[in-house]
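>>> Here you go, sequence then predicted model.
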Amino acid sequence: MKLQRKSGMRALTVGAVAITGALVLTACGSDNNDSSDKTSSSPSGSASTSSNASSISCAKGQILSSGSTAQQNAIEAWVKNYQQACSGATINYKPSSSGQGIIDFNQGTDAFAGSDSPLAPDETASSKKVCSGGEGISIPMVGGPIAIGYNLPGVSNLVLDAKTLAKIFNSKITTWNDPAIKALNPGVNLPSTKIQSFHRQDDSGTTDNLTKYLGGADKADWPYPHAKAWAGKGGQAVAQSSGVASQVKQTEGAIGYFELSYATADQIPTVKINTGASAPVEASSANASQGIAQAKIVGTGSDLALDLSAAYTTKADNAYPIVLVTYEIACDKGNKSDTLPLTKSFLNYIASTDGQGQLASSGYAPLPDAIATKVRSTISALS
Amino acid sequence: MTTTAPPPTAPPPHKAKTVTRPGDRIFSGLSRGSGIFVLVIMGAIALFLTIRAVSAISKDHANFFTTFEWNAALTPPQFGIAVLAYGTIVSAVIAMAIAVPIAVGIALFITHYAPRRLGDVIAYVIDLLAAVPSIIYGLWGALFLVPHLQGLNLWLNHYLGWTVIFHKSDPNSTPRSLFTVGILLAIMILPIITNVSREVIRQVPKMHEEAALALGATRWEVIRMSVLPFARSGIISASMLGLGRALGETMAVATVLSADSTLSAHLLDPGGGTFSQNIVAKFGEATNFGRDALIASGLVLFVITLLVNGAARLIIARRKEYSGANA
């Protein structure tokens, strides 16, 4: 009798564990489905494929690629469209990190790599081993604005400039009603809330690009060299852009930086930048393209590395200054013959008006025409 | 019932000399192989860490042990582990200070106080707690625990601020501090300490307890005089298992802590860092050299863990007379 009751109890608890386990597993399962939905074909995409087909000249085969997580969403959307239009083509982009992408490329694993920054001289040198007769070149492909998000109830139209941003992120300005901020926002009732600034805890290309802007636009207030690791004083560190966005969302008085898509997704208001243009510039795809249009191509030969310093200090109307450009890395000559057709065809598609036109919807910025033209002719010359 | 019949499988006395069959040889070979395998793996890990670490540390342009910042990407590279070692140890100590008393309490409740059914239920719930992945703890910590700890932080600052360690420099800052990390780690290591302690406490011979009861001891005195001394070495082992997890915990710390390169005695202030948090934060964008530098910090964590385990072994060895094996 006693024995029976015990085993009944045990069966019950085993059942409970099984049910809980099943719940946990289904939770994981639905997660997986979710993410695979994003990458795999969805029926709604097929309608757009037919219109895209014109810009895609299909090639067959399979290529590996890896690198920057910043361009992950863009590449995934492009891969989806390309593979829907072209049967027999498989493009595998592994979002690891820019550094890992370049390492993979220089080991000959990748047909092309994604990177937040152009190849450094020593990286170009070691790329000559995998590009027989040529070298690795940086092709700008995915641009985007870095949005400055804030959380200030009652204030919906905040304007800042490079100087105040540098001082805020360096803890020189600590309250929202600081005279410097007031001067940029006449007529706005700014609270005396303390500023809670958030930055990335992990090393990141976003930090690198923001600090390039801060140092490039206002060297006096941002004396640190640009780096992937945060150098400013004070503030709080959060892992990943999503983490910064969620902290800004939930903390009153917060300010932080992330890609525009996070601001859109979480409905976080973004700062307009007073660049000296006729009106403060909002963080948007179109304005970022205008900003990138100020950049100069500094790469030599077929390399198209950009110098964005002119963008940081631009006073052109509707040119958003805090921009980043990510690159695709490929060999100018000496690409492997079995992957070259597909690499070229895919890069041609993503650089086309059609491919670039899809960027704005996910918070990226299409390349300005002048640069895009050069990018297309460079890709056509890949061999 | 069955004790009256002699066990039929018992070997007759004249067959007592050792006979080795193939099965014996295979099994002893397998188990010896497993033992050696563990040693080889440990040796390989240590060798790998040492080689990569030495090459990185030799290029470090700052003192590896006293430097606060971790800037392996600079030219020349400058990085050090002072903040990381401090943060790792402090957060683990906070976790242990909170978790060990609670865990032992739960274990005693399950074994000595709770009705059997309730005890079983609690034991299963604790087991489930161990099955939650650390990133879930991290998300829970960042999204729930951190906002809800602000009140406790302010209270501590108000009444215990004079102790320096509970001083909060900026009352408005969100409590993404080593203190919060310690609380989160305490919850994470609670199941392992509880479960092992419970098993150890169950091993206490009933005779000891009954003897104490017969001498007129109350329940608390039984626990204090016969259960705890007997179980102490086991509880220490359990705590060391928990400490190992606390020292190495990665995702939960990286999600909750606002890491920077400050070393502060104010536990409630955001800042600091731990070894594994630093590795996960820097690894993604690190160059090959940066990874070697991170491996060097991993080696230090490895050594700290070895020292802690060694210390625990010493304590247990000193208290051998109480251990279950000699009972």
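Alright, I've got the coordinates.
>>> Could you use CA atoms for every contact and neighbour count after this?
OK.
>>> before we move on, which element is the residue of the stretch 201-327 of chain B found nearest chain A in?
Nearest residue of the stretch 201-327 of chain B to chain A: B:A281, at 3.9 Å (Cα to the nearest Cα). For B:A281, the host element (DSSP states H and E) is helix B:275-283.
>>> How about A:A113?
strand A:112-115.
>>> got a list of contacts for that strand?
The contact list for strand A:112-115 (Cα atoms under 8 Å, 6 or more residues apart in numbering or on different chains) reads A:64-68, A:71, A:97-99, A:101-102, A:104-105, A:326-331, A:343.
>>> Run a quick neighbour tally on residue 248.
No chain in the question, so chain A it is. 26 (other Cα atoms under 10 Å in any protein chain shown).
>>> right idea, wrong chain: chain B
For B:G248, using other Cα under 10 Å, the count is 19.
>>> Can you verify my assumption that it contacts B:S276?
Yes - between B:G248 and B:S276 there is a contact under Cα atoms under 8 Å: 6.2 Å.
>>> Kindly report the residues of the stretch 201-327 of chain B close to chain A.
Contact residues, the stretch 201-327 of chain B versus chain A (Cα under 8 Å from any Cα of the partner chain): B:254-260, B:270-271, B:280-282, B:284-287.
>>> Selecting buried members of those in ChimeraX, what would you type?
What follows is the ChimeraX syntax selecting those of those that are buried according to 16 or more other Cα atoms under 10 Å in any protein chain shown:
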select /B:254,255,256,257,258,259,260,270,271,280,281,282,284,285,286,287
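>>> Out of the residues of the stretch 201-327 of chain B next to chain A, list just those in helices.
B:254-256, B:280-282 (DSSP state H).
>>> Make CSV out of those residues and add distance to B:I106.
Below are these laid out as CSV (distance: Cα to Cα, whole Å):
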residue, distance to B:I106
B:A254, 29
B:T255, 28
B:V256, 26
B:V280, 33
B:A281, 35
B:K282, 38
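>>> okay, those in a markdown table with pLDDT next?
Formatted as a markdown table, those follow (pLDDT from 0 to 100):
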| residue | pLDDT |
| --- | --- |
| B:A254 | 90 |
| B:T255 | 89 |
| B:V256 | 91 |
| B:V280 | 90 |
| B:A281 | 88 |
| B:K282 | 88 |
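>>> Widest-spaced pair of the residues you listed?
Longest distance between any two of these is 16.1 Å, between B:V256 and B:K282; criterion Cα to Cα.
>>> low-scoring pLDDT stretches of the chain, where are they?
All of this is about chain A. Residue ranges of chain A with pLDDT under 70: A:1-54.
>>> nope, chain B
B:1-17, B:319-327.
>>> Strands of that one, start to end?
B:70-71, B:78-79 (DSSP state E).
>>> gap between the last one and the chain center?
Right, the one you point to is strand B:78-79. 29 Å (Cα atoms, centre = their mean, to the nearest Å).
>>> helices or strands up against that strand?
With contacts taken as 3 or more Cα pairs under 8 Å, 6 or more residues apart in numbering or on different chains; DSSP states H and E, strand B:78-79 sits against strand B:70-71.
>>> Listing partners with orientation, what would you give for the strand it packs on?
When pairing is defined by DSSP bridges, strand B:70-71 lines up against strand B:78-79 (antiparallel).
>>> Mind putting the strands of chain B into a markdown table with mean neighbour count?
Converted to a markdown table, those look like this (neighbours: other Cα atoms under 10 Å in any protein chain shown):
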| stretch | mean neighbour count |
| --- | --- |
| strand B:70-71 | 24 |
| strand B:78-79 | 24 |
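>>> got those as CSV, with distance to B:S169 columns?
Formatted as CSV, the strands of chain B follow (distance: least, Cα to Cα, whole Å):
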stretch, distance to B:S169
strand B:70-71, 24
strand B:78-79, 27
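>>> Out of those strands, the one nearest B:A238 is which?
strand B:70-71 (33.5 Å).
>>> who in the stretch 151-300 of chain A is up against chain B?
A:194, A:196, A:201-204, A:228-229, A:236-239.
>>> Isn't A:M141 up against A:E328?
Yes - using Cα under 8 Å, A:M141 is in contact with A:E328, at 6.5 Å.
>>> Which one's more surrounded, these two?
A:E328 (27 against 24).
>>> Which of the helices or strands spans the more buried one?
strand A:323-331.
>>> Could you find the closest non-adjacent residue to the residue of the stretch 101-250 of chain A found nearest chain B?
Across the stretch 101-250 of chain A, no residue is closer to chain B than A:D202, which sits at 3.9 Å (Cα to the nearest Cα). Leaving aside its chain neighbours, A:D202 sits nearest to B:A281 (3.9 Å; criterion: Cα to Cα, 6 or more residues apart in numbering or on different chains).
>>> got the contact list for that neighbour?
Contacts of B:A281 (Cα under 8 Å, 6+ apart): A:201-203, A:239, B:254.
>>> and if you look at B:I189?
B:I189 neighbours (Cα under 8 Å, 6+ apart): B:95, B:99, B:130, B:242-243, B:245-246.
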